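K.L.:
any chance you can model this:
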Amino acid sequence: MKAFLVLTRLRVLDVLRSKSSAGFVIFFPVALMLGLGLVFMNGHPFERRTLAIVGTADSADPSIAAVRMALASFEEVRVEIVPNEAVAMGKLRARMANAVILLATEVRTPSLRLIVGPRDQLFGRGLAEVLPDTPRVEVLDVPKWGYVQYLFPGALAFSVLLSGLFGMGYALVLSRQNGFLKKLATTPMGKATFIGAQITSRALLVLVQLALLITTAWIGFGMRFSPAAILWAGVISALGLLTFLGLGFALACLIRTEDLVVDVISAVNIPLILLSELFFPLDTLPRWLSAFGSVLPSTQMVRLLRAVLLYGVDNIASVAPGLGVMALWMVAGFGLSLRVFKWHA
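P.N.:
Numbering: from 1, shown residues only. Coordinates of the predicted model:
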């Protein structure tokens, strides 16, 4: 019994003597709880139903104005304007929208078309009662794996995120601790060659991950992607990998110990997961959190992947802004890293 108590005491002291370990074990759960409280202070993200209307953000269409006015008193219904029918149907199939309204484009058609999935027929009938012109509810046979489709781009982005942060951050710190970087410093190898090898190795692994995830989605969940969508997903994933490799590189240049870099990367992952639209859209969160999450590279990556894989977006003009934000993060990460990187600790 005495030996048990001694060993227990030694283990507790081992953790408490390390500031990083003590902080992570004792204070990080509190910080996580506070963060979750802020994220979900207005309720969980799926308490509100989403109605997608095809139009433009600044549309002055009287039909859209009439729908907004009819639903103004229903706080539980969120109205979202989407640019075209393809995006609207993609959101309905992925369970990101519970109903879709298409405005009439031809004479002899109803002023509104209200489309819902099989599980939202009751919601659709309720909407029809309060909307102008009482549109007929049309039921679209959406996939039963709808929310899985929503999660798929997030899962893909998360795998790239981990590959970048851990693949560069943890590996570089470990190489510094075991003396491997010191040995490389005695060779003619330059920084560019070393970093290039790290990027190439992780890129090959991410390529395998991408292929496996797409194959799983195709076979297991009936998701279908065009060659253009897969190509765009590859481009976005490549830029995402470079972005997170740069950020992992920066962390490794600032952190010297293996244990601490693992703790920091794990802590960084929490806001990236909660504020990057991996599981739910950001506009359900408090406005300031939504604004912060929108500038994260992980958020941009998830949005771009959803656009090309779920909504059929395939033009450079639509994806350029998101690619630009990711590129800025990549330049900042590698720029800082190359400036402070040293072979020796």
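K.L.:
what ranges do the helices span in the stretch 1-150 of the chain?
P.N.:
Here the stretch 1-150 of the chain has its helices, by DSSP state H, counting those that start in this stretch, at 2-17, 19-22, 28-39, 62-71, 85-93, 121-130, 146-164.
K.L.:
lowest-confidence stretch among those helices?
P.N.:
By mean pLDDT, the lowest-scoring of those turns out to be helix 19-22, with a mean of 58.
K.L.:
which ones are touching Val77?
P.N.:
The contact partners of Val77, taken as CB atoms under 8 Å, 6 or more residues apart in numbering, are Arg48, Arg49, Thr50, Leu51, Leu71, Leu127. C-beta here means a position set from N, CA and C on the backbone, and glycine is covered the same way.
K.L.:
and these, which is closest to Val139?
P.N.:
Nearest to Val139 among the contacts of Val77, counting by CB to CB, is Leu127 at 13.1 Å.
K.L.:
burial count for the closest one?
P.N.:
Residues lying near Leu127 (other CB atoms under 10 Å) number 26.
K.L.:
okay, how far is it across stretch 94-103, tip to tip?
P.N.:
End-to-end span of stretch 94-103 (CA to CA, to the nearest Å): 21 Å.
K.L.:
same check on stretch 133-152?
P.N.:
37 Å.
K.L.:
residues in contact with it?
P.N.:
With CB under 8 Å, 6+ apart as the criterion, stretch 133-152 contacts 89, 92-96, 101, 110-118, 121, 124-125, 127-128, 213, 217, 221-223, 278-279, 306, 309-310.
K.L.:
can you pull the contacts of the closest residue to Glu277 other than its chain neighbours?
P.N.:
In this structure, Glu277 finds its nearest non-sequential neighbour in Val302, 4.9 Å apart by CB to CB, 6 or more residues apart in numbering. If a contact means CB under 8 Å, 6+ apart, then Val302 has Pro153, Gly154, Ala157, Ser276, Glu277, Leu278 as its contacts.
K.L.:
just those residues now: which is nearest Ser237?
P.N.:
Ala157 (8.1 Å).
K.L.:
ok, now which ones touch that closest one?
P.N.:
Gly240, Ser276, Leu278, Ser298, Met301, Val302, Leu305.
K.L.:
ok, now with 7 Å
P.N.:
By CB atoms under 7 Å, 6 or more residues apart in numbering, the contact list for Ala157 reads Gly240, Leu278, Ser298, Met301, Val302, Leu305.
K.L.:
disregarding residues adjacent in the polypeptide, which is nearest to the last one?
P.N.:
In space, and not counting its chain neighbours, Leu305 is closest to Pro153: 3.6 Å by CB to CB, 6+ apart.
K.L.:
doesn't Leu309 make contact with the one you found?
P.N.:
Yes - judged on CB atoms under 7 Å, Pro153 makes contact with Leu309 at a distance of 5.7 Å.
K.L.:
what about this structure, any weak spots by pLDDT?
P.N.:
Low-confidence segments of the chain (pLDDT under 70): 1-46, 56-60, 104-111, 145, 181, 184-185, 189, 191, 340-345.
K.L.:
show me what counts as buried in whichever helix in it runs longest.
P.N.:
With secondary structure taken from DSSP state H, the chain has its longest helix at helix 191-221. In terms of neighbour count (16 or more other CB atoms under 10 Å), helix 191-221 has its buried residues at Phe194, Ile195, Gln198, Ile199, Arg202, Ala203, Val206, Gln209, Leu210, Leu213, Ile214, Ala217.
K.L.:
and for stretch 166-183?
P.N.:
In stretch 166-183, counting by 16+ other CB under 10 Å, buried: Phe166, Gly167, Met168, Gly169, Tyr170, Ala171, Leu172, Val173, Ser175, Arg176, Leu181.
K.L.:
how near is Asn262 to Ala238?
P.N.:
Residue 262: Val, not Asn. 26 Å (CB to CB, to the nearest Å).
K.L.:
which parts of stretch 284-298 are buried?
P.N.:
Thr284, Leu285, Leu289, Ser290, Gly293, Ser294, Leu296, Pro297, Ser298.
K.L.:
for stretch 224-235, that is, sorry about that
P.N.:
Taking 16+ other CB under 10 Å as the criterion, stretch 224-235 shows Phe225, Ala229, Trp232, Ala233, Gly234 as buried.
K.L.:
care to break this structure down by domain?
P.N.:
49-139, 146-340 (automatic domain parsing).
K.L.:
just the terminal-to-terminal distance for the first one.
P.N.:
Meaning domain 49-139. 17 Å.
K.L.:
for stretch 136-154, the distance to its chain's centre please.
P.N.:
18 Å (CA atoms, centre = their mean, to the nearest Å).
K.L.:
likewise for stretch 277-297?
P.N.:
For stretch 277-297, the distance to the chain centre is 10 Å (CA atoms, centre = their mean).
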